[in-house]
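Visitor: Return atomic coordinates for the entry below.
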Amino acid sequence: MDSMDEEMDIHFGIAHTRWATHGEPSAVNSHPQRSDKNNEFVVIHNGIITNYKELKKYLNSQGYEFESETDTEVIPKLIKYLYDNRESEDVSFSMLVERVIQQLEGAFALVFKSRHFPGEAVATRRGSPLLIGVRSKYELSTDQIPIQYNSGKRNSRNRSDSSSALHSVGDGKAVEYYFASDASAIIEHTNKVIYLEDDDIAAVAEGKLSLHRMRRQAGEDPVRAVQTLQMELQQIMKGNFESFMQKEIFEQPESVVNTMRGRICFDNNIVILGGLKDHLKEIKRCRRLIMIGCGTSFHAAVATRQILEELTELPVMVELASDFLDRNTPVFRDDVCFFISQSGETADSLMALRYCKERGALTVGITNTVGSSISRDTDCGVHINAGPEIGVASTKAYTSQFVALIMFGLMMSEDRISMQKKRLEIINGLKDLPDLIKKVLTLDKKIKSIADELYQQRSLLVMGRGFNYATCLEGALKIKEITYMHSEGILAGELKHGPLALIDKHMPVIMIIMRDPCYSKCHNALQQVTARQVRCTWACPYSTHQKKQLQYNTTLFCFGLTPLLCSFHPYTYLFNTLVDFSRRICSCLYHTFLPLLF
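Guide: Residues are numbered from 1 along each chain as shown. The predicted model follows:
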């Protein structure tokens, strides 16, 4: 440019918030990664390339030198190698990318740029989320983009059929394209999005977007639709709160209402989950329910396991997705597998989903993100409608996942006469739930006074039993995530089998005690703990006239977690932690690509 005031026909920005998996966080390991010092090809990458060592060894043998420690660097080096050894001069950019991904193993979402193809950019994905936001000054040419199939032919640089490409009708260049891993990253700019499928290749040139694949698979949708997001900008703004996590904690009364809205009729005690009703008979005939998730989603499954077993009278297995895959767990055609994920893009859960589909099981998604991979790939599912969750430490999604799974149990037990009393108790509890959460959130001063005594500790135990074992696991996880304090969720029944050795007057303990069938057993554990002069705080829905007690009223057993969240959130600032972006904790929202503007 001769002048900063000079207008440009094409604007392009490429960047990536890197999650360090291979190589330390440093400038040389950051993205974009380049093919050489002349930047002939550059790429940004979300995912992990599992065969990068083999590719790197081969490229080294061909004389290509590496600068970084990342797995990503093999990608620009590989595309340069293919370009340098091309069979003809008219090879297209998208064809090169197509050949690159044929050599890659693992998960990736990629955006490429090259000096050899000015004014063009190419993106693709496999196993990692990638969507394209579209913003146009004028009407778009189509809302259904046909896939162009290559069928393995060596097509030319201009192989794209421009008649099927997406463009702006009024002015071909008055259009902007945004590549991102999550819709929250682009809602500020547009609500029109295209969700890419695995091995889709999106090519942008001269303001036109075309989509390509190598060959068409049986039953594959030959088009990609331009969808309109049902999301508002204010949903991803912090407002008057100190952090997104705090905002999302206080949104729980509203988010659980949204999860139940239109699904529970409190007048006649009927529960209808539209996404499952067509498969309900098949689910009722299954041999077992398998709940699969990671982290917080796994804990939501643990929290509901007992009540689901009571309501459905089916065995319920709860599995960590990574362990489920490591064991090659037997799955049968008459199993029903639930995949629980806030983002709908959790890598291990996605791999477990594909594993179960290959074995013929019915798959059900419980997600918070419309258009996510899990919501698209499962046979049926429930959208929890909790709204965008920006904070990495999940809060309102946990409570909404819990409610969604409870509603599933209520729907399954509707025709069981023996379960009607239990169903009525649960439905009444759900009806009162938003008001009960609001009451818990008013305990702010009491919660902070208890947390004052805990925030300088280096370790903390959270103990409970029965339904609240999941609360202990999730509470301990949140404490780890947002304060970096070591914490453990312990089943009170296992106290004598190891954990009691840790307990002395220097070890703070939080006990969760509810008026449930485990009440007397939890009190026995409490007595064992206090007998050792432990600094014990307990959360319970009744008065014990004890000094270090947090009393709250609730009829549902999952919301012991809410005061734990409130307890430690204010002290993240004393720990100098970024509460919304816990260190070394991964989230789909971390991997957001900057806009591609034409």
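
Visitor: residue contacts, N258?
Guide: Contacts for N258 were tallied using CB atoms under 8 Å, 6 or more residues apart in numbering; they are N385, A386, G387, S400. Every residue, glycine included, has its C-beta placed from N, CA and C.

Visitor: Backbone dihedrals for the second one, please?
Guide: The phi and psi torsions at A386 (degrees, to the nearest 10) take the values phi -80, psi -10.

Visitor: Could you tell me which ranges of the chain sit under the pLDDT cut-off?
Guide: Applying pLDDT under 70 to the chain flags residues 1-10, 15-21, 151-163, 172, 232-235, 444, 533-598.

Visitor: Find the residue at the geometric middle of it.
Guide: Centrality entry for the chain: nearest residue to the mean C-alpha point is S343, 2.6 Å, by CA atoms, centre = their mean.

Visitor: Neighbours of the nearest residue to Y64 once chain neighbours are set aside, how many?
Guide: Excluding its sequence neighbours, the residue lying closest to Y64 (CB to CB, 6 or more residues apart in numbering) is K77, at 4.9 Å. Neighbour count of K77, defined by other CB atoms under 10 Å: 26.

Visitor: Hmm, E67 and K77 touching each other?
Guide: No: using CB atoms under 8 Å as the test, K77 is too far from E67 to be in contact (9.8 Å).

Visitor: looking at this, N46 is in a strand?
Guide: Yes: assessed with DSSP: H, G, I helix; E, B strand; the rest coil, N46 lies in a strand.

Visitor: hmm, back to that, ok, now how distant is the residue nearest to Y64 from E87?
Guide: As for K77, its distance to E87 is 19 Å (criterion: CB to CB, to the nearest Å).

Visitor: What of Y177?
Guide: Y177 sits 30 Å away from E87, going by CB to CB.

Visitor: and the longest helix for this structure?
Guide: Scanning the chain for the longest helix, with DSSP state H as the assignment, gives helix 420-441.

Visitor: Helix, strand, or coil at the residue nearest to Y64?
Guide: K77 ends up helix, using three-state DSSP.

Visitor: so who does it touch?
Guide: S35, K56, L59, Y64, F66.

Visitor: Name the nearest of the residues you listed relative to D278.
Guide: Nearest to D278 out of the contacts of K77 is K56 (CB to CB; 48.6 Å).

Visitor: That closest one sits in which helix or strand?
Guide: helix 52-61 (DSSP states H and E).

Visitor: Same check on F402?
Guide: F402 is part of helix 396-412 when elements are defined by DSSP H and E.

Visitor: and that helix, how far out from the chain's middle?
Guide: How far helix 396-412 lies from its chain's middle: 17 Å, per CA atoms, centre = their mean, to the nearest Å.

Visitor: Show me the beta-bridge partners of A121.
Guide: Beta bridges link A121 to V204, judged by DSSP bridges.

Visitor: my read: it touches V111, true?
Guide: Yes: between A121 and V111 there is a contact at 6.5 Å, judged by CB under 8 Å.

Visitor: Looking at the two now, which is surrounded by more residues?
Guide: Neighbour comparison, A121 and V111: the larger count goes to V111, with 28 against 22 (by other CB under 10 Å).

Visitor: Who are the contact partners of the nearest residue to the more buried one once chain neighbours are set aside?
Guide: Once flanking residues are discounted, V111 sits nearest to A123: 4.6 Å by CB to CB, 6+ apart. Contact partners of A123, counting by CB under 8 Å, 6+ apart, are A109, L110, V111, F112, L130, I132, F179, L196, I201, A202, V204.

Visitor: Closest one of the contacts of N258 to Y519?
Guide: Once CB to CB is applied, the member of the contacts of N258 that ends up nearest Y519 is S400, at 27.3 Å.

Visitor: What separation is there between that closest one and E313?
Guide: S400 sits 25 Å away from E313, going by CB to CB.

Visitor: quick one, which of those two is more surrounded?
Guide: When S400 is set against E313 and neighbours are counted by other CB under 10 Å, the residue ahead is S400, at 29 against 12.

Visitor: mind listing what that one touches?
Guide: The neighbours of S400, taking CB under 8 Å, 6+ apart as the test, are S255, V256, N258, T259, N368, I384, N385, A386.

Visitor: State the distance from it to V271.
Guide: 15 Å.

Visitor: One more: T378?
Guide: 20 Å.

Visitor: Specify which residue of Y177 and E87 has the higher count of neighbours.
Guide: More neighbours surround Y177 than the other of Y177 and E87, with 25 against 7 (other CB under 10 Å).

Visitor: Over to the more buried one. Which of the three states is it?
Guide: Counting by three-state DSSP, the backbone at Y177 sits in strand.

Visitor: One more: the one 10 residues further on?
Guide: For I187, the assignment made with three-state DSSP gives coil.

Visitor: one step back: tell me the two of the contacts of K77 that are most distant?
Guide: Across the contacts of K77 (CB to CB), the longest gap, 13.4 Å, separates S35 and K56.

Visitor: More neighbours: which of the two?
Guide: S35 (23 against 18).

Visitor: Could you pull up the contacting residues of the more buried one?
Guide: Per CB under 8 Å, 6+ apart, neighbours of S35: F41, V42, P76, K77, I79, K80.

Visitor: roughly how far apart are it and I366?
Guide: As judged by CB to CB, S35 and I366 stand 42 Å apart.

Visitor: ditto for L273
Guide: 10 Å.

Visitor: For these two, indicate the residue with more neighbours.
Guide: I366 (28 against 21).

Visitor: I'd like the distance between that one and E414.
Guide: With distances taken as CB to CB, I366 is found 19 Å from E414.

Visitor: And for L526?
Guide: 38 Å.

Visitor: More neighbours: which of those two?
Guide: A direct count of neighbours by other CB under 10 Å for L526 and E414 places L526 higher, at 21 against 15.

Visitor: quick one: buried residues of stretch 54-67?
Guide: For stretch 54-67, a neighbour-count test (16 or more other CB atoms under 10 Å) marks L55, K56, L59, Y64 as buried.

Visitor: so R99 sits right up against Y83, yeah?
Guide: No: judged on CB under 8 Å, R99 makes no contact with Y83 at a distance of 9.7 Å.

Visitor: any idea how far the residue nearest to V111 is from I101?
Guide: The value you get for A123 to I101, if CB to CB is used, is 11 Å.

Visitor: can you list residues touching both of the two?
Guide: Shared contacts of A123 and I101, counting by CB under 8 Å, 6+ apart, come down to L110, I201.

Visitor: For the residue nearest to G106 when sequence neighbours are not counted, grab the count of nearby residues.
Guide: Spatial nearest neighbour of G106, chain neighbours left out: T50 (3.9 Å); criterion: CB to CB, 6+ apart. By the measure other CB under 10 Å, the count of residues near T50 is 12.

Visitor: isn't T50 right up against F108?
Guide: No: in this structure, T50 is not within contact of F108 by CB under 8 Å, at 10.1 Å.

Visitor: shared neighbours of those two, which are they?
Guide: Common neighbours of T50 and F108 (CB under 8 Å, 6+ apart) do not exist.

Visitor: Secondary structure class of K80, three-state.
Guide: helix.

Visitor: A helix includes N385, no?
Guide: No: N385 is assigned coil when assessed by three-state DSSP, not a helix.

Visitor: Can you give me the distance of it to R261?
Guide: Taken as CB to CB, the span from N385 to R261 is 7 Å.

Visitor: More neighbours: the two, which one.
Guide: N385 (19 against 9).

Visitor: What about the spatially closest residue to the more buried one that is not a sequence neighbour? Give its phi and psi, please.
Guide: By the measure of CB to CB, 6+ apart, the closest residue to N385 outside its immediate chain neighbours is N258, 4.3 Å from it. Per-residue torsions, N258: phi -60, psi -30 (degrees, to the nearest 10).
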